[in-house]
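Enquirer: coords below, sequence missing:
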């Protein structure tokens with residue numbers, strides 16, 4: 001078996017809520033609040049056991065990634081002078 005295939009087998013495909021919280025960089029209580037509000041990330045529940053799938057957590061992280069190239073206006077394409085775009089508001 002190749003080392004890449006072995007690494008894939010060694011990585012868990014599902015996480016409990018503590019592992020999932022650590023994986024996405026949030027607290028367990030945040031995941032619990034999101035579950036109670038029926039918000040992403042989606043979870044699987046079998047009896048009382050809560051599990052999160054790795055690919056869903058990855059999608060959740062991708063969906064909540066701020067894309068800087070989409071959010072910062074290009075001064076060259078703007079009709080406002082660059083120095084006027086970032087003036088401090090008093």
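Expert: Good, I have the coordinates. Note that the structure is predicted; figures quoted are calculated from it, not measured. Residues are numbered from 1 along each chain as shown.
Enquirer: so where's the protein shaky on pLDDT?
Expert: For the chain, residues meeting the criterion pLDDT under 70 lie at 1-10, 70-90.
Enquirer: need the strands for it, in chain order.
Expert: 14-15, 44-46, 49-53 (DSSP state E).
Enquirer: can you report how many residues neighbour the residue lying closest to residue 13 once chain neighbours are set aside?
Expert: With sequence-adjacent residues excluded and distances taken as Cβ to Cβ, 6 or more residues apart in numbering, residue 13 is closest to residue 54, at 5.3 Å. All C-beta spots, glycine's among them, are computed from the backbone N, C-alpha and C. Residue 54: 15 surrounding residues under other Cβ atoms under 10 Å.
Enquirer: residues touching residue 54, list them.
Expert: Residues near residue 54 by Cβ atoms under 8 Å, 6 or more residues apart in numbering: 11-15, 23.
Enquirer: which ChimeraX command selects the buried ones in those residues?
Expert: Only the buried entries of the contacts of residue 54 go into this ChimeraX selection, using 16 or more other Cβ atoms under 10 Å:
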select :14,15,23
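Enquirer: of all the contacts of residue 54, which two lie farthest apart?
Expert: 13 and 23 (12.0 Å; Cβ to Cβ).
Enquirer: quick check: of the contacts of residue 54, which lies closest to residue 32?
Expert: residue 15 (14.2 Å).
Enquirer: for that closest one, list the residues it contacts.
Expert: Contacts for residue 15 were tallied using Cβ under 8 Å, 6+ apart; they are 23, 51-52, 54, 57.
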